[in-house]
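Enquirer: build me a structure from this.
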Amino acid sequence: MIDSLKVIYLEAEELRLKDKALSGRLSLHRDSLTIVGESSVQIPLAAIREGELVFSQLGHFVRVLHAGGTLWLGAYRLNLWGWFVVLNKSANRRLAERVQELISQSRELDQDSSDRP
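Expert: Coordinates of the predicted model:
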């Protein structure tokens with residue numbers, strides 16, 4: 001289970017080498033994905049459409065597609081001001097799995113509540 005991770009993050013449609021990522025601490029809750037950092041982000045799980053591990057030219061990242069756009073997440077081992085980062089592939093894999101699991105649980109709860117009279 002993932003309680004909290006140090007991540008770099010970027011809100012953009014795609015990753016580019018010239019983009020500077022922000023640093024923060026990600027927490028996954030039953031109802032939201034929250035990042036507290038340079039520019040805090042909170043996304044309700046109901047708004048998240050997809051979370052997947054993606055290999056880009058920059059490394060392994062978790063791409064989160066949500067109602068407001070695309071959020072790129074990267075758990076890291078070393079971060080030098082957002083310009084040089086050593087990513088943690090296994091932590092990113094676990095993060096992607098956990099996001100997918102929470103999305104599934106959220107959809108099941110929504111479906112259960114809509115099935116009730």
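
Enquirer: excluding its backbone neighbours, what's nearest the most centrally placed residue in the chain?
Expert: By Cα atoms, centre = their mean, the mean C-alpha position of the chain lies nearest to Leu73, the distance being 4.7 Å. Ranked by Cβ to Cβ, 6 or more residues apart in numbering and with sequence neighbours excluded, the top spatial neighbour of Leu73 is Val62, at 4.3 Å. No exception for glycine: its C-beta is placed from N, CA and C like everyone else's.

Enquirer: Ile103 too?
Expert: Nearest residue to Ile103 in three dimensions, chain neighbours excluded: Ile48, at 5.5 Å (Cβ to Cβ, 6+ apart).

Enquirer: what's the answer for Ser4, then?
Expert: Per Cβ to Cβ, 6+ apart, closest to Ser4 is Ser27, 5.2 Å.

Enquirer: would you confirm that that neighbour belongs to a strand?
Expert: Yes. Counting by DSSP: H, G, I helix; E, B strand; the rest coil, Ser27 is located in a strand.
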